[in-house]
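Participant: Give me coordinates for this.
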Amino acid sequence: MRILGLDYGSKRIGAAISDELGMTGQPLMTIERKNRQQDMEAVEKLIKTYEVEKIVVGYPVRLDGTEGIQCEKVNHFSHLLEARFSIPVIKWDETLSTRTADDILIQSHVRREKRRKIVDQLAAGIILQGYLDSLGPVKTC
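Facilitator: Purely as a prediction, here's the structure:
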């Protein structure tokens, strides 16, 4: 079962995908947002290409645990995903995921221009990996 991780933002949507066993999340791509229709078509292409059975969307709660305006936008986006694709959408705490991704890229000496292009997909990978880790060890036969 493959799981798609999304880091939803106002300008970009970072995407990550799990391996088939659901053990690791790998950054995949960044979708440059244009309009709702094109955003959904880009997500649909990923769902079909990777045979996704579940989506994990980063949920941007504040550091004090309260929900802000961005949470409302993610809730709306999550409802659109569920309605259009009829697969489960899990909202997962993304606190500091973009900051962590940016720090990793800085420590790796990635130039600022390149960081801007890949930080969202790395954040999606961090969000997805956090969710996968919460599921516990995968049992294989």
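Participant: I'd like to know which helix or strand in the protein has the lowest mean pLDDT.
Facilitator: helix 97-107 (a mean of 72; mean pLDDT, DSSP states H and E).
Participant: on contacts alone, who are the packing partners of the helix or strand immediately after it in the chain?
Facilitator: Downstream of helix 97-107, the next assigned helix or strand under DSSP states H and E is helix 112-134. Where contact means 3 or more CB pairs under 8 Å, 6 or more residues apart in numbering; DSSP states H and E, helix 112-134 is packed against strand 2-8, strand 12-18, strand 25-32, strand 52-59, strand 89-93, helix 97-107. No exception for glycine: its C-beta is placed from N, CA and C like everyone else's.
Participant: if I pick the residue lying closest to Thr100 once chain neighbours are set aside, what's in contact with it?
Facilitator: Leaving aside its sequence neighbours, Thr100 sits nearest to Ile126 (CB to CB, 6 or more residues apart in numbering; 5.8 Å). Contact analysis of Ile126 by CB atoms under 8 Å, 6 or more residues apart in numbering lists 25, 94, 97, 100-101.
Participant: From Gln26, how far out is Ile126?
Facilitator: As defined by CB to CB, to the nearest Å, Ile126 lies at a distance of 11 Å from Gln26.
Participant: now Pro88
Facilitator: 20 Å.
Participant: The two: which is more packed in?
Facilitator: Using other CB atoms under 10 Å, the more surrounded residue of Pro88 and Gln26 is Gln26, with 15 against 12.
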